[in-house]
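>>> model the following, please.
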Amino acid sequence: MPQSPYPSVSSELSARRKQAQPDIHDAFQGFSRQVFADGALPEKTKQLIAVAVAHVTQCPYCIRGHARLAQRRGASEQEIMEAIWVAAEMRAGAAYAHSVIALDALSTDNGKN
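Just a heads-up that it's a prediction; the model follows:
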């Protein structure tokens with residue numbers, strides 16, 4: 001079985017990341033806390049959105065982290081999977097919607113190279 005290109009998250013790697021740019025690291029952490037705090041949308045909803053986006057961006061760290069956080073905020077397995085299905089539809093829907101670009105190019109090109 002091939003080895004994953006993604007290293008396991010470790011406290012050592014997390015500390016190295018912070019030590020490399022502590023001010024930016026801390027600012028990003030503060031930004032993240034603000035983004036996911038209850039507001040017009042409750043945190044559970046924000047975590048479900050993050051699960052969906054993580055699947056579209058295909059970030060394995062984000063998928064794991066936000067799925068767990070969504071569950072901790074009360075999201076059921078069914079709700080998490082439904083968010084993933086929304087992401088799948090949106091990604092497939094984008095390919096479908098953009099098909100008109102190819103069709104337009106074919107009709108305006110008239111077969112010219």
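>>> tell me which other helices or strands the strand or helix carrying Gly93 touches.
Gly93 is part of helix 77-109 when elements are defined by DSSP states H and E. Judged by 3 or more CB pairs under 8 Å, 6 or more residues apart in numbering; DSSP states H and E, the packing partners of helix 77-109 are helix 43-57, helix 60-72. In short, each C-beta sits where N, CA and C put it, glycine included.
>>> what residues of the last one count as buried?
For helix 60-72, burial by neighbour count (16 or more other CB atoms under 10 Å) applies to Ile63, Gly65, His66, Ala67, Leu69, Ala70, Gln71.
>>> pLDDT and distance to Gln3 added to the residues you listed, as TSV?
Shown next, in TSV, are the buried residues of helix 60-72 (pLDDT from 0 to 100; distance: CB to CB, whole Å):
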residue	pLDDT	distance to Gln3
Ile63	98	19
Gly65	97	21
His66	98	24
Ala67	98	23
Leu69	98	27
Ala70	98	29
Gln71	98	28
